[in-house]
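Provided below are the primary sequence and the corresponding predicted coordinates.
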Amino acid sequence: MEEQAIIQNVTFIGFDLGKHSFHIHYQDKSGKALLCKRLTHTKLIDFLAGCASATVVMEACAGTHFMACRRA
């Protein structure tokens, strides 16, 4: 499945915050894993801005507060 088509079916996004990149996991509404990939901070913000409405979860750490305050 093409990545753009996958992004349109995402209803759950989980990511693990790192210093220089994030590991991101997408699921559809049935809980099926659609894609796992690694993104930089900037690319993650761009990705989230282009996604349809979805539940986003992230680990609790110092970087979480920074990302939660970002507005796309």
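Great, that's in hand.

let me see the backbone angles for residue 47.
phi -60, psi -50 (degrees, to the nearest 10).

could you do residue 50 as well?
Torsion angles, degrees, to the nearest 10, at residue 50: phi -90, psi 0.

burial measure for it, as a count.
When neighbours are defined as other C-beta atoms under 10 Å, residue 50 has 11 of them. C-beta coordinates here come from the backbone N, C-alpha and C atoms, glycine included.

which pLDDT value goes with it?
You'll see residue 50 listed with a pLDDT of 78.

what about it, distance to residue 43?
11 Å (C-beta to C-beta, to the nearest Å).

restricting to C-alpha, output stretch 25-41 in PDB.
Provided in PDB are the C-alpha atoms of stretch 25-41 (Å, rounded to 0.1, in the frame of the first residue of the first chain):
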ATOM      1  CA  HIS A  25       3.900   3.400  14.500                       C
ATOM      2  CA  TYR A  26       0.600   3.800  12.700                       C
ATOM      3  CA  GLN A  27      -2.600   1.700  13.200                       C
ATOM      4  CA  ASP A  28      -6.000   1.700  11.500                       C
ATOM      5  CA  LYS A  29      -9.300   1.700  13.400                       C
ATOM      6  CA  SER A  30      -9.200  -2.100  13.800                       C
ATOM      7  CA  GLY A  31      -5.800  -1.900  15.500                       C
ATOM      8  CA  LYS A  32      -3.900  -3.400  12.500                       C
ATOM      9  CA  ALA A  33      -0.400  -2.100  12.200                       C
ATOM     10  CA  LEU A  34       0.000  -0.200   9.000                       C
ATOM     11  CA  LEU A  35       3.500   1.100   9.100                       C
ATOM     12  CA  CYS A  36       6.500   1.700  11.300                       C
ATOM     13  CA  LYS A  37       9.200   4.200  10.400                       C
ATOM     14  CA  ARG A  38      11.700   6.600  11.800                       C
ATOM     15  CA  LEU A  39      11.300  10.400  11.400                       C
ATOM     16  CA  THR A  40      13.300  13.500  12.400                       C
ATOM     17  CA  HIS A  41      11.700  16.100  14.700                       C
END
